[in-house]
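[1] the following comprises the amino acid sequence and a computationally predicted model.
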Amino acid sequence: MKSETQKIVKIALSTLVLGLLLGWLLFGGSKGNAKEEHQHTSEVSGETIWTCSMHPQIRQTEPGDCPICGMDLIPLENDNGSELDPMAVSMSKTAMQLANVTTEIVGKTAPVKLIDLNGKVEADERSIYSQSSHIPGRVERLMVNFTGEYIKQGQIIAYIYSPDLVTAQEELFEARKVADTQPQFFNAAKEKLKNWKLSDNQIAQILQSGTVKEELPIHADVSGYVTEKMVNLGDYVNKGKALYQIANLNSVWVLFDIYESDMPWVRKGDEVVFTIPSLPGENFKGRISYIDPVINPMTRVAKARIEIGNTGLRLKPEMFASGTVKAKQPIASEAITIPKSAVMWTGERSVVYIKNTTSNGVNFV
């Protein structure tokens, strides 16, 4: 009986030890595994942020499409654990070169508005002259036959036959016969010829020749280029009829168009730098001397005039010109200015990106 009791105790102790050993193996080992599994589960269960490659401001906790452009969202990569501004746009050096991204240091300066102008070269209206006939008659000879010919002052440009001139010369010869007794008649006959713009030298030549001249030469009153020919051979002309239009092109005007929106910025005296397409590589400049007080009802522009010397006659009327004027803004103090190309115009607001350089690379905020 005693031996059976000892046998039962031994079996019970063995069972207890075996149970404890199995319990330790099962629950003690699973604790470490549970810890590992918990850490792994924690790592896996961490939220993945999804963003758009074109719109980095988009942040979502699940994949999908970008609400702005519709592109597929991609996982947000945490670059070496660095915390960037969610609105920042990161770019590599290669990406900046491919995108042709340029930057500029911003500072304070006097604000200046650049206004582009288009215009044409025109003849100076003050140097345009209408050469007219001083006597009525028929054009017998034209010494200047085409537009663009240069005329010198005093040059004979035409010969006109005038019956009135023939009669006036005959009266002059008759008055000379009684010049000693009635000098007033002789002087009146000469004054009649002078009214037709005959010079004292021409009258003296008529008296010396003693013969009536049927053709009267017309002399140019000014020097310049013929810009318009208004008479042909054989035409009958009245006293004061314009024969030619002559322009002196030693100085010209450059007339630029100013649109209504730019008129508040352009002032008389502003300097304009301009180029002529037919004279590449050369820059010209001048100051605005006059601005039209009215707007052209058809083109809705006003003309700004620049007077410039024309040495060598290189600037020809009707040449096109492109200019730029620097208009000063009505701001007394200096202000922060940025290039116009640096602003992203979104309609409701305007966005400017600032470059930041860190150890992880370059980003724009």
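    Okay, I see it.

[2] can you tell me the SS state at Val325?
    strand (DSSP: H, G, I helix; E, B strand; the rest coil).

[3] which of the three states applies to Lys192?
    helix.

[4] likewise for Leu172?
    helix.

[5] okay, and the most centrally placed residue in the chain sits in which element?
    The centroid of the chain falls nearest to Asp116 when counting by Cα atoms, centre = their mean (2.5 Å). Secondary-structure element containing Asp116, defined by DSSP states H and E: strand 112-123.

[6] buried ones in that strand?
    Buried residues in strand 112-123, counted by 16 or more other Cβ atoms under 10 Å: 115, 117, 119, 121-123. Every residue, glycine included, has its C-beta placed from N, CA and C.

[7] packing partners of it?
    With contacts defined as 3 or more Cβ pairs under 8 Å, 6 or more residues apart in numbering; DSSP states H and E, strand 112-123 has these neighbours: strand 251-259, strand 271-275, strand 301-309, strand 320-328.

[8] listing partners with orientation, what would you give for the last one?
    In its sheet, strand 320-328 lies beside strand 112-123 (antiparallel), strand 271-275 (antiparallel), with partners assigned from DSSP bridges.

[9] name the nearest residue to the residue nearest to the centre of the chain, sequence neighbours excluded.
    Thr324 (5.8 Å; Cβ to Cβ, 6 or more residues apart in numbering).

[10] since we're on that neighbour, how many residues are nearby?
    Close neighbours of Thr324, defined as other Cβ atoms under 10 Å, add up to 15.

[11] again, but for Ala158
    Per other Cβ under 10 Å, the neighbour tally for Ala158 reads 23.

[12] helix, strand, or coil at the nearest residue to it once chain neighbours are set aside?
    Setting aside the residues directly before and after it, Ala158 is nearest to Ile218 in space (Cβ to Cβ, 6+ apart), at 4.5 Å. Recorded secondary structure, Ile218: strand (three-state DSSP).

[13] picking that back up, wait, which of the helices and strands packed on strand 112-123 is closest to Phe185?
    For the helices and strands packed on strand 112-123, proximity to Phe185 was assessed by Cβ to Cβ; strand 251-259 is nearest, at 48.2 Å.

[14] quick one: the closest one to strand 112-123, angle?
    Strand 251-259 runs at 130 degrees relative to strand 112-123, counting by axes from the mean of the first three to the mean of the last three Cα atoms, to 10 degrees.

[15] may I see the buried residues of strand 251-259?
    252-258.

[16] also stretch 226-237?
    So for stretch 226-237, counting by 16+ other Cβ under 10 Å, buried means 226-227, 229, 231, 237.

[17] out of the residues you listed, which is nearest to Gln208?
    Val237 (28.1 Å).

[18] so the closest one touches His134, yeah?
    No. Counting by Cβ atoms under 8 Å, His134 is not a contact partner of Val237; they are 10.1 Å apart.

[19] need the buried residues of strand 251-259 in JSON lines with distance to Ile276, can you?
    Formatted as JSON lines, these follow (distance: Cβ to Cβ, whole Å):
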{"residue": "Val252", "distance to Ile276": "11"}
{"residue": "Trp253", "distance to Ile276": "14"}
{"residue": "Val254", "distance to Ile276": "9"}
{"residue": "Leu255", "distance to Ile276": "14"}
{"residue": "Phe256", "distance to Ile276": "13"}
{"residue": "Asp257", "distance to Ile276": "16"}
{"residue": "Ile258", "distance to Ile276": "19"}
